[in-house]
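Asks: Below are the sequence and a predicted model for it; my questions follow.
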Amino acid sequence: MVLAAVALDEDDARLLAQAGVRDSKAFGSNAAARCRRAELAALVSRHAAWVATEICEVAEIDRHVARGALNHLERERARRLVRDAPECARIVADGRALFSPLAGEFPQLEAHDRAESVHVAVAAASVVAKARRDELFAAIAARYLPEFGPLRGGGYVNPATCAFVAEYVRRHGRLPPEARASWPWRGIARPNAKDLPLPSPRVR
């Protein structure tokens, strides 16, 4: 999981909007979309006052899911990004329920659903995060290419990814290290208990 934050002044926000920066999901998932996101992420990096990313590794996600605290992980990483950022008059976050609690610590923070339509900085952060995820998945796919051939599905939970995971489990008797053990892999036999995070009381 990749989170990103981008700080823009008004002139650069206008420039990036005119260049076509918008919600990363709007570009699709094919090779042309990945190329376009990479181009726009590079443009954001050249023009933004500040850009940063946070990568949440699989094991950390599984530990938080086991405690019912995945939202806590996302808020903590967002808090880290905001604290590291230069001082901003306005902070816009994507996800009202998820990030509104941070407004108590950062009074200038406002959280919206579909915040990429509220401010281009959020769209820019979306593009940066997605482009970084594209890079990480490309590296994963390259590692598996000799044994499994090209990986389809982009690492998202869809029939192509599930087919790869099922075949990996069949050959190796365990989930791929990049796969979340806490995800309900329907139709895929869980190889053994050690792949599952230990349960613990839910964190509220």
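Replies: The structure has been received and is ready for your questions. Because the structure is a prediction, the values reported are computed rather than measured.

Asks: which residues in the protein form helices?
Replies: Assigned by DSSP state H, the chain shows helices spanning 10-19, 31-47, 58-66, 70-84, 96-99, 120-148, 159-172.

Asks: a markdown table please, covering those and showing mean pLDDT and mean neighbour count.
Replies: In short, each C-beta sits where N, CA and C put it, glycine included. Formatted as a markdown table, the helices of the chain follow (pLDDT from 0 to 100; neighbours: other C-beta atoms under 10 Å):
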| stretch | mean pLDDT | mean neighbour count |
| --- | --- | --- |
| helix 10-19 | 96 | 15 |
| helix 31-47 | 95 | 17 |
| helix 58-66 | 96 | 17 |
| helix 70-84 | 97 | 17 |
| helix 96-99 | 96 | 16 |
| helix 120-148 | 96 | 19 |
| helix 159-172 | 95 | 15 |
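
Asks: Next one: Leu102 relative to Arg96, how far apart?
Replies: 11 Å (C-beta to C-beta, to the nearest Å).

Asks: residues shared between the contacts of those two?
Replies: The contact sets of Leu102 and Arg96 overlap at Ala111 (C-beta atoms under 8 Å, 6 or more residues apart in numbering).

Asks: export the helices of the chain to a markdown table and tack on distance to Arg90?
Replies: Formatted as a markdown table, these follow (distance: least, C-beta to C-beta, whole Å):
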| stretch | distance to Arg90 |
| --- | --- |
| helix 10-19 | 11 |
| helix 31-47 | 18 |
| helix 58-66 | 29 |
| helix 70-84 | 12 |
| helix 96-99 | 14 |
| helix 120-148 | 9 |
| helix 159-172 | 38 |
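
Asks: With respect to Val2, which of the ones you listed lies nearest?
Replies: Closest to Val2 of the helices of the chain, according to C-beta to C-beta: helix 120-148, at 4.5 Å.

Asks: helices and strands around the closest one, which ones?
Replies: Here helix 120-148 touches strand 2-7, helix 10-19, helix 31-47, strand 50-55, strand 91-94, helix 159-172, going by 3 or more C-beta pairs under 8 Å, 6 or more residues apart in numbering; DSSP states H and E.

Asks: State the number of residues packed around the closest residue to Ala33 other than its chain neighbours.
Replies: Excluding the flanking residues, the one nearest Ala33 by C-beta to C-beta, 6 or more residues apart in numbering is Phe27, at 4.0 Å. The local packing of Phe27 (other C-beta atoms under 10 Å) involves 18 other residues.

Asks: Arg36 is in contact with Phe27, correct?
Replies: Yes - using C-beta atoms under 8 Å, Phe27 is in contact with Arg36, at 5.4 Å.

Asks: Looking at the helices of the chain, which is nearest to Ala111?
Replies: helix 96-99 (4.0 Å).

Asks: Out of the helices of the chain, the one nearest Ala4 is which?
Replies: helix 120-148 (3.8 Å).

Asks: and that closest one, how far out from the chain's middle?
Replies: 9 Å (C-alpha atoms, centre = their mean, to the nearest Å).

Asks: and what of stretch 56-73?
Replies: Chain-centre distance of stretch 56-73: 13 Å, with C-alpha atoms, centre = their mean.
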